[in-house]
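**Q** mind looking at a prediction? Sequence and model below.
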Amino acid sequence: MQFMLLFSRQGKLRLQKWYVPQADKEKKKITRELVQTVLARKPKMCSFLEWRDLKVVYKRYASLYFCCAIEDQDNELITLEIIHRYVELLDKYFGSVCELDIIFNFEKAYFILDEFLLGGEAQETSKKNVLKAIEQADLLQESETTFASSCVKLIL
Amino acid sequence: MPAVSKGDGMRGLAVFISDIRNCKSKEAEIKRINKELANIRSKFKGDKALDGYSKKKYVCKLLFIFLLGHDIDFGHMEAVNLLSSNKYTEKQIGYLFISVLVNSNSELIRLINNAIKNDLSSRNPTFMCLALHCIANVGSREMAEAFAGEIPRILVAGDTMDSVKQSAALCLLRLYKASPDLVLMGEWTSRVVHLLNDQHMGVVTAAISLITCLSSKNPDEFKTCVSLAVSRLSRIVSSASTDLQDYTYYFVPAPWLSCKLLRLLQCYPPPEDGAVKGRLVECLETILNKAQEPPKSKKVQHSNAKNAILFEAISLIIHYDSEPNLLVRACNQLGQFLQHRETNLRYLALESMCTLASSEFSHEAVKTHIETVINALKTERDVSVRQRAADLLYAMCDRSNAKQIVAEMLSYLETADYSIREEMVLKVAILAEKYAVDYSWYVDTILNLIRIAGDYVSEEVWYRVIQIVINRDDVQGYAAKTVFEALQAPACHENMVKVGGYILGEFGNLIAGDPRSSPLVQFNLLHSKFHLCSVPTRALLLSAYIKFINLFPETKATIQEVLRSDSQIRNSDVELQQRAVEYLKLSSIASTDVLATVLEEMPPFPERESSILAKLKKKKGPGAVSVELEDGKERGELNGGADRGGEAAIAASNASTPSPSSDLLGLRSAAPVGGPAPSAGSLLVDVFSEAGPAASSTRVNDDGFLSALHAPEAPDSRLAEGPGDADSAPPSAASEDPAPPLPESDELLNKFVCKNNGVLFENQLLQIGIKSEYRQNLGRMYLFYGNKTSVQFVSFTTTVSCPGELQSQLNVQTKPVEPLVEGGAQVQQVINIECLTDFVDAPLLNIKFRYGGALQNITLKLPVTINKFFQPTEMAAADFFQRWKQLSQPQQEAQKIFKASHGMDTEVLKAKLLGLGTALLENVDPNPENYVCAGVIQTKIQQVGCLLRLEPNAQAQPGEQMYRLTLRSSKDTVSQRVCDLLAEQF
């Protein structure tokens, strides 16, 4: 996979992950073009399209579009299920995920993605294992926050 | 606050995000961001040391601002500081910032690498994973340099945690993709391959991506992975849907891993080990069988995962291309999908069938779906699906269905989406050319293409139709007729005007006999389009006009009038003005002979790969940008090649003809003034007739090819005409056997040693003209048989034979000619010649026909001589003499001393030597009077280098003048033959 983009129906980019190096300018150009192309498509159309020399696989979940660019020899259907599994992971983690969760906790969305996909390839496809890794990190975080807030209280 | 922030870390961040979301305008948002940036900057610069939490919060805000699309130019240092924090969340945010925002700031990279190094050696698996994720996300060369040695160790170490192994494998993959030279597996290879056997499915899933990439680059080193992959696949495929627990996805066991295993196998040929292969075939069959089973779930995820594996299996079957049974099953399966209600499956089935169509085992099976595919092209609502259908039609096209497919594609073009029109046009053009049985269909198709989608017809397409019409004389009359008709349309596309201008300029004479397409009608038709055209088209039309003046002297006055008008001769465009001025001058001062020479019909184009095909390949190639670049390049190239029409006059006047001296065809020099006589009953192609394309026996009238072939040598010899003169024809053998060669046949042959075009033979009945061209070891000869009488020749046959050993030296192919040659008509025959090895004798041409009941039987020598296959070789004096010395054995040299039978005019001599086919080398011989030449004779089995020296004694008295001719070549027979041939020329 070359990159993954999450954007809203209004064309606002919510998450971007690049697995091959691109200049910032090029990233913006690609994003603009692709968001336009995908938003212009009608609901019943197929989830795949040829774009430049890549294959684009996208799917809409509520107000969010998930869009992946893969290479010629990559498998479209399995990519579609990569997207779905990622949505499931977000859903499980946030509990009925919605666009706002991803806006306000964008860093979490990135962390979950990193546990699931690395370098553009599936790292761990078991839902349980991915969430275990994330929750472990949250446990660490929560103990830290409790510690920090108690410190604040003490000072006050 | 709208959303619950899970983990509940940074309240300030949530407030900020909320503020941004509440901004009513872009300006307000920018204002808010600038305020925040100023705030963060002051915090970072402030005297008070920030605690980890605040640093994390501000870095996270910066990241958010960056992801909104704004530039961030500070905060990197703070992010790097976070990396060395002991707190997981601070470290995590630091790494995220670096992953998203790193630039190749060398100072920073060193610090980052330091932090990564510490985490990698921390033995804390969560920290190690963070560090590995960062390397995989950044993937820079500096990181590869620092860590490419360390990561393989982590990957295969026995005590590494599974999750760390997974990250290490993909981290290594990313580094390998970016800097393959730095990632050396070496001693680790076998242990990496054996990760395929790991009991943790996650480790296998991650490792296989790495192994696939490495295998595709070094298949031999990794080939042991094949049997491991097959057994892993077999275990998954045969497992029950619940066996793999969390790796089962909607009742499909390990779909991602299955796809990757099948993908890995595509890096290799079918397994050689019978047992492994058997097991694999079994897997593939099971996968195909499962596709027929009822689904275990109605969820689309279930069918997607299942079909993902199926498509990957089909890719592998196609990749092997060796199991007819599986290929046909795959094709049937895809055929089912073609009608599936899921658009995605229809799309993928069309795509996959495209590759299947190119396999000989399944091509026929694919063809059976033609109706469904055509239907998809017509009815699919989604343009990307229609595009796939068009691709598939293109792929499944062959001679048997070309007409249907081209017709469907043409009719689809009328309503096709703009985005795919150009590609469709290219495809139609390629198919029409590739599968043309008769070229009139080809011409029709391309002209339709221009009519329907003129704007999308690129230059390559119309260049190509012209190349083909020029090269195929059997279609020229038809093409002229068809473009003439097409131009009748009140609004026709400019590309049509271009094609029309070019073709009528070359072949308008073939339809000029019909009063409805008389020269003036043709001219007026073209000129009526002139004012609507762009400058390049106008330029082309001007060239067509000057060609008209030559073809039809009766149009001269009208055309000169046009050229002389202010709008031409004072045109503000330099190119148009120059053409108008030059053409006007040319037509006023040049004699008919000169005009005819300059404006001679365009010579055939060298056969080459269709430029359209090249264009399509490029269109499908990488990146839109590069396509445009290459496009430009190609256009330049074509201007030199195909657009010769525009520059015809200029190019022709620079006479690249091999024999510039006296032997240019007196093209149309005998054209009657005042137009074709109305009584010329033997009219050309009837413009408005519905009859099929002109056959090879294009009939010509008086100003056609016959006179075109009138060589200056025999300007008066065609006076005799009519049946009464038949008696004075040379006696011809009454027998049906080919007559022996005419006594003068050697002499006739010698006339063509140094030239390629001219009249080979002529008597009172028949005239035989020749045009020929040679390239490498191949030649093509056009023979024009003109009936000089007004009575038809019947049973007209021609035979070309290679007597004796010539049979094994030359490969000569001809097509039979029409047995009937009308009075005054001319038939043409094309002869293809391939030189297999060097030869001495000439092929024999026997012509038999009955004229007024009497059998005529004439045998001539076809002027195919060894020197025709010369490639000129330029070389410097030193080279020449070195090679000359190398060829010093007596049998390599042939020499003749002979009397000059013509004058010793330098220019004539040079022209003849050039006509021989060799390169004339200047400043090589120390005696400037002498001539030296070099060339290589190209035959199929060998090349024979040849050097030549001709020494005249020009000072001698006329009548005493002698030449000494010396030939040296690596083959004695060649030296002798070339010497003999050339000695007759002076």
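**A** Received it, and whenever you're ready, just let me know what you need. Residues are numbered from 1 along each chain as shown, chains lettered A, B, ... in the order given.
**Q** other SSEs contacting the one helix or strand residue B:796 maps to?
**A** Per DSSP states H and E, residue B:796 falls inside strand B:794-801. The helices and strands touching strand B:794-801, judged by 3 or more CB pairs under 8 Å, 6 or more residues apart in numbering or on different chains; DSSP states H and E, are strand B:778-787, strand B:810-814, strand B:826-835, strand B:844-851. Yep, even glycine has a C-beta here, placed from its N, CA and C like the rest.
**Q** low-confidence ranges, chain A, go.
**A** A:141-156 (pLDDT under 70).
**Q** again, only using 80
**A** A:137-156 (pLDDT under 80).
**Q** all helices for it, in order.
**A** A:24-39, A:76-94, A:99-104, A:106-116, A:127-155 (DSSP state H).
**Q** coming back round to it: and the helices and strands packed on strand B:794-801 as a markdown table, adding mean pLDDT?
**A** Shown next, in a markdown table, are the helices and strands packed on strand B:794-801 (pLDDT from 0 to 100):
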| stretch | mean pLDDT |
| --- | --- |
| strand B:778-787 | 89 |
| strand B:810-814 | 88 |
| strand B:826-835 | 88 |
| strand B:844-851 | 89 |
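**Q** which one of those lies closest to residue B:970?
**A** strand B:826-835 (16.1 Å; CB to CB).
**Q** got the angle between that closest one and strand B:778-787?
**A** On the basis of axes from the mean of the first three to the mean of the last three CA atoms, to 10 degrees, strand B:826-835 is oriented at 160 degrees to strand B:778-787.
**Q** what's next to the strand holding residue B:796, contact-wise?
**A** B:738, B:783, B:785, B:812, B:814, B:816-821, B:827, B:829, B:831, B:843-850, B:862 (CB atoms under 8 Å, 6 or more residues apart in numbering or on different chains).
**Q** please repeat the previous calculation with a cut-off of 10 Å.
**A** Strand B:794-801 has contacts (CB atoms under 10 Å, 6 or more residues apart in numbering or on different chains) with B:697, B:738, B:766, B:768, B:781, B:783, B:785, B:787, B:807, B:810, B:812-814, B:816-821, B:827, B:829, B:831, B:833, B:843-853, B:855-856, B:858-859, B:862, B:864.
**Q** buried members of those residues into PyMOL, please.
**A** The PyMOL command for the buried members of the contacts of strand B:794-801 (criterion: 16 or more other CB atoms under 10 Å in any protein chain shown) is given here:
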select buried, chain B and resi 697+738+766+768+781+783+785+787+810+812+814+817+821+827+829+831+833+843+844+845+846+847+848+849+851+856+858+859+862+864
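**Q** mind checking which of the helices and strands packed on strand B:794-801 is nearest chain A?
**A** strand B:778-787 (37.8 Å; CB to the nearest CB).
**Q** just checking: what are the partner strands of the closest one?
**A** The sheet places strand B:778-787 alongside strand B:766-775 (antiparallel), strand B:826-835 (antiparallel), with pairing taken from DSSP bridges.
**Q** got CSV for these, with distance to residue B:218 too?
**A** Output for those, formatted as CSV (distance: least, CB to CB, whole Å):
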stretch, distance to residue B:218
strand B:766-775, 43
strand B:826-835, 43
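**Q** which one of those strands lies nearest to residue B:326?
**A** Among the strands paired with strand B:778-787, the nearest to residue B:326 by CB to CB is strand B:826-835 (42.1 Å).
**Q** nearest the geometric middle of chain B, what residue?
**A** residue B:614 (2.5 Å; CA atoms, centre = their mean).
**Q** OK, contacts around residue 27?
**A** Picking chain A for this. By CB under 10 Å, 6+ apart, residue A:27 lies in contact with A:3, A:5, A:13, A:16, A:18, A:21, B:69.
**Q** sorry, I should have been clearer: chain B.
**A** For residue B:27, the contact set (CB under 10 Å, 6+ apart) is empty.
**Q** would you list every one of the strands in the stretch 451-600 of chain B?
**A** Taking DSSP state E, counting those that start in this stretch as the test, none of the stretch 451-600 of chain B falls into strands.
**Q** which single residue in it comes nearest to chain A?
**A** residue B:456 (18.2 Å).
**Q** contacting residues around that residue?
**A** B:413, B:416, B:418, B:420-426, B:449-450, B:495.
**Q** need phi/psi at the nearest residue to residue B:941 once chain neighbours are set aside.
**A** In space, and not counting its chain neighbours, residue B:941 is closest to residue B:837: 5.2 Å by CB to CB, 6 or more residues apart in numbering or on different chains. When read as degrees, to the nearest 10, the backbone of residue B:837 gives phi -150, psi 180.
**Q** could you count how many residues lie near residue 38?
**A** You didn't say which chain, so I picked chain A. Residue A:38 has 21 neighbouring residues, counting by other CB atoms under 10 Å in any protein chain shown.
**Q** looking at chain B here, not the other one
**A** Neighbourhood size, residue B:38 [other CB under 10 Å]: 10.
**Q** before we move on, back to that, please identify which of the helices of chain A is closest to residue B:279.
**A** Here helix A:76-94 is closest among the helices of chain A (CB to CB), at 23.0 Å.
**Q** list the buried residues in that closest one.
**A** Buried positions in helix A:76-94, judged by neighbour count with 16+ other CB under 10 Å: A:76-90, A:92-94.
**Q** was I right to think the residue nearest to the centre of chain B contacts residue B:460?
**A** Yes. Contact status for residue B:614 versus residue B:460: in contact at 7.8 Å, counting by CB atoms under 10 Å.
**Q** show me the contacts for residue 56.
**A** Because you didn't say which chain, this covers chain A. So residue A:56 contacts A:2, A:5, A:34, A:37-38, A:47-50, A:67-70, A:76, A:79, B:384 (CB under 10 Å, 6+ apart).
**Q** wrong chain, I was asking about chain B
**A** For residue B:56, the contacting residues are A:107, B:9-10, B:13, B:50, B:78-79, B:82, B:85, B:87, B:89-94, B:97, by CB under 10 Å, 6+ apart.
**Q** using the three-state scheme, assign it.
**A** Put simply, residue B:56 is helix when judged by DSSP: H, G, I helix; E, B strand; the rest coil.
**Q** same thing with residue B:960?
**A** Once three-state DSSP is applied, residue B:960 turns out coil.
**Q** how many other residues sit next to residue B:763?
**A** Using other CB under 10 Å, residue B:763 has 19 neighbouring residues.
**Q** that should have said residue B:388, apologies.
**A** Residues lying near residue B:388 (other CB under 10 Å) number 27.
**Q** and it, what does it touch?
**A** By CB under 10 Å, 6+ apart, the neighbours of residue B:388 are A:46, A:48, A:50, B:346-354, B:373, B:376-377, B:380, B:382.
**Q** quick one: low-confidence parts of the stretch 401-550 of chain B?
**A** Low-confidence segments of the stretch 401-550 of chain B (pLDDT under 80): B:419, B:437.
**Q** let's see that with 50 instead.
**A** Nowhere does the stretch 401-550 of chain B drop to pLDDT under 50.
**Q** residue ranges for the helices of it, please.
**A** Using DSSP state H, counting those that start in this stretch, the helices assigned to the stretch 401-550 of chain B run over residues B:402-413, B:418-434, B:439-453, B:459-471, B:476-486, B:494-507, B:519-530, B:535-551.
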